[in-house]
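Engineer: Sequence and predicted structure below; questions after.
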Amino acid sequence: MAKLIAKTPQEKRALARLLDNIGYEVMPFKGAVSKVIANVPTEVPLTITATGGKGLDPTLNATIELTEKGYIVAPHIPARLVAGPEELDQIATRLETAGVSRIFVVAGDAEQPAGVFNDAFDLLKALKARGHLFSNIGIGGYPEGHALLPVEKINKAVHDKAPFADRILTQICFSSDTLLTWGSRLKAEGVGLPIFVGMPGPVRRQKLMRISAGLGLGQSANFLKKQQNLLWRFFSPSGYTPTRLVRGLVQDLAKYDTTITGLHIFTFNDLARAEAWRRDLIAQAELPLTRPSAPSDSSVRSASGGNKHSYS
């Protein structure tokens, strides 16, 4: 068993809440769908990433295949990879026809946009104008800012996007204090969406480097640039364990007025280790191993004070 995280009844309740709203991020590499099916129960929601080098087809294909297997899946839709409203309509139609209920909209890493969408806000506005059947739209959050954008622009972006969204998934952050303070500030500023804390799972160092190598030269450079803090953590003498961050959250969550609701685990496709770690935390929280089902989108919003948005 991993290091004890929840030591008091209050901490066990906080841990149980986070585990009730945990999801895995998966990269659509060859064999990824089979790994999910072999290791991850269908009650764990998934997001499927997208990379500029491979386009959106691998993401959409994996999303639809896993949806057909009974998983709740949200594909990443990077705005800068979508040429315009016509292609957006094609993507949305394909996902809606397959019964996909969630998407995650980001700007994307492409240096030049493929068309008229420069950022996530542009695409979200176009999607609302089109109308859609998605019950849950996720947007990104940056508790520690963004290496390429000023803080003021990042703060404005989350406020602009929030009315079009149903949840916030944060980029990787290693500080519970930073996450809790940032989450409290957002709520105080009127952003009441549920927040899912982005953090790496118990991935091996070698796995992380193989992922980078498998992306190709240009995409690998982008990956390493974005994950330099993660790499530093992994190769420091003390190493990295995901339990430290979770411990900080369950200790202090009750002290902050925030909508932090769950965990968004960057698995880097090390799914067997991620699932073993999740089951260990379930045991610590004294929860039944098999949860009844993934929480509905409306129940997550209600529990964390978010607003349900309807789209025409």
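Structural biologist: It's in.
Engineer: alpha carbons only for contacts and neighbour counts from here, please
Structural biologist: Noted.
Engineer: ok, now which ones touch G23?
Structural biologist: 44-47, 263-265 (Cα atoms under 8 Å, 6 or more residues apart in numbering).
Engineer: would you list those in TSV and tack on secondary structure?
Structural biologist: Output for the contacts of G23, formatted as TSV (DSSP: H, G, I helix; E, B strand; the rest coil):
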residue	secondary structure
V44	coil
P45	coil
L46	strand
T47	strand
L263	strand
H264	strand
I265	strand
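Engineer: between the residues you listed, which is closest to V82?
Structural biologist: T47 (18.3 Å; Cα to Cα).
Engineer: In its sheet, which strands sit next to the helix or strand where E25 lies, and in what direction?
Structural biologist: Taking DSSP states H and E as the criterion, E25 maps to strand 22-26. Under the criterion DSSP bridges, strand 22-26 sits next to strand 46-48 (parallel), strand 260-266 (parallel) in its sheet.
Engineer: coming back round to it: and the contacts of G23 as a markdown table, adding distance to D280, neighbour count and pLDDT?
Structural biologist: Below are the contacts of G23 laid out as a markdown table (distance: Cα to Cα, whole Å; neighbours: other Cα atoms under 10 Å; pLDDT from 0 to 100):
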| residue | distance to D280 | neighbour count | pLDDT |
| --- | --- | --- | --- |
| V44 | 15 | 20 | 98 |
| P45 | 18 | 21 | 98 |
| L46 | 19 | 25 | 98 |
| T47 | 22 | 25 | 97 |
| L263 | 15 | 23 | 98 |
| H264 | 17 | 26 | 96 |
| I265 | 15 | 25 | 95 |
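Engineer: which one of these is nearest V105?
Structural biologist: Nearest member of the contacts of G23 to V105, counting by Cα to Cα, is T47, at 11.0 Å.
Engineer: Could you dump the contacts of G23 into TSV and include distance to G192?
Structural biologist: Below are the contacts of G23 laid out as TSV (distance: Cα to Cα, whole Å):
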residue	distance to G192
V44	24
P45	21
L46	23
T47	22
L263	17
H264	18
I265	22
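Engineer: just how off-centre is whichever helix or strand comes after the strand holding E25 within its chain?
Structural biologist: Toward the C-terminus, strand 22-26 is succeeded by helix 32-39 as the next helix or strand (DSSP H and E). Remark: helix 32-39 is offset 18 Å from the chain centroid, using Cα atoms, centre = their mean, to the nearest Å.
Engineer: what does stretch 78-92 give?
Structural biologist: 20 Å.
Engineer: let's have the chain start at 596 instead
Structural biologist: Shifting the count to begin at 596 puts that one at stretch 673-687.
Engineer: And the strands in the stretch 696-845 of the chain, which stretches?
Structural biologist: Ranges of strands in the stretch 696-845 of the chain, per DSSP state E, counting those that start in this stretch, are 697-701, 731-736, 762-767, 790-795.
Engineer: what mean pLDDT does the last one have?
Structural biologist: The one in question is strand 790-795. Averaging pLDDT along strand 790-795 yields 94.
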